[in-house]
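K.L.:
coordinates for the following, if possible.
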Amino acid sequence: MQYVTKTIKGIDGSVATLTGYIIDNSKEIDPDRRRPAVLIFPGGGFNKVTDREAEPIAMMALDAGVQAFVLRYSIAPSQYPVQMLEGAEAMKMIRANAEEWHVDPKAVTVIGFSCGGQLAASMATTTGDDVMRENGYDPDEVRANGLALGYPVLTAGKYRHEGTITKLLGDKKSDQAMLDEISCEKHVDAKTAPTFIWQTVTDAVVPVQNSLLFINACVEAGVSVEAHIFPQGPHSLALATAETAAAGNDAQIEPSAQVWPSLWAAWVERNFIN
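P.N.:
Next up, the predicted model:
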């Protein structure tokens, strides 16, 4: 097992941290194995990067045989496109080290939770492509091969989460061109990676319509999408178990949603494990 930590400097001088949890190859089993990888974007409303959707999600991925990388991206006062470009650099770094880290460079996926969903979707759609080019990235070289989303913030339209959009855009939060630019559902096309998405109907923080709009955009664009809309549970469920419930918040232990990690693992196996 390898445990690696890399720093990524944001364009505003802030610093992000990429932490890798890497399964070593075994000469006895398969010395040349290349595994799929997942780049994890925890949530936190750009006020923090929550622990609840960081290492526990990495452990979930390892259990499925997937190399895991957690990006602790810059938070407020950093604004768009700082975090997205940090994600692009993380993707570039994972693929550049694919041999050392036993990663299949054609099976590098992303998963994002809450506000991290916006960042993950930016890595798998054409959201922000022009900005990436302006900052020296080829969008096709850093685009994810698969996209997974948990109760994601995706739209800056009618069903947006106001606090997230304000933190992300600052004084540009009323600029319609910027709102359109970061609304990921508007940037789904044939380039969009196969998608896995889940949320609860009763999410009172980020409206479930964020997921529904993105699902519909995938369907209209002919993008493979697997969607699971659970009947109940609050926002920020993480694994929906006691392992990731915030201290004193038993509502984040939600049996109806606890199946999502096994559904995600099966999706990864069908799409990215040969």
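
K.L.:
residue closest to the middle of the protein?
P.N.:
With distances taken as C-alpha atoms, centre = their mean, the residue of the chain nearest its centroid is residue 112 (2.4 Å).

K.L.:
tell me the SS of that residue?
P.N.:
For residue 112, the secondary-structure state derived from DSSP: H, G, I helix; E, B strand; the rest coil is strand.

K.L.:
and the closest residue in space to it that isn't next to it in sequence, how many neighbours?
P.N.:
Nearest non-adjacent residue to residue 112, counting by C-beta to C-beta, 6 or more residues apart in numbering: residue 120, 2.8 Å away. Every C-beta, even on glycine, is put in place using the N, C-alpha and C of the backbone. By other C-beta atoms under 10 Å, 30 other residues sit near residue 120.

K.L.:
quick check: longest helix in this protein by residues?
P.N.:
When the chain is parsed with DSSP state H, its longest helix is helix 82-96.

K.L.:
which elements pack onto that one?
P.N.:
For helix 82-96, the packing partners by 3 or more C-beta pairs under 8 Å, 6 or more residues apart in numbering; DSSP states H and E come out as strand 2-9, strand 15-22, strand 35-41, strand 67-72, strand 103-113, helix 115-122, helix 129-134, helix 139-142.

K.L.:
got the buried residues for that helix?
P.N.:
Within helix 82-96, the residues scored as buried using 16 or more other C-beta atoms under 10 Å are 82-91, 93-95.

K.L.:
ditto for stretch 158-169
P.N.:
159, 160, 161, 164, 165, 166, 167, 168, 169.

K.L.:
and the end-to-end length of stretch 218-229?
P.N.:
Across stretch 218-229, the terminal residues are separated by 16 Å (C-alpha to C-alpha, to the nearest Å).

K.L.:
so where's the stretch 51-200 of the chain shaky on pLDDT?
P.N.:
For the stretch 51-200 of the chain, no stretch is flagged by pLDDT under 70.

K.L.:
I'd like the distance between residue 204 and residue 253.
P.N.:
Separation of residue 204 from residue 253 (C-beta to C-beta, to the nearest Å) stands at 17 Å.

K.L.:
which of these two has more residues huddled nearby?
P.N.:
Each of residue 204 and residue 253 has its neighbours counted (other C-beta under 10 Å); residue 253 has more, 17 against 8.
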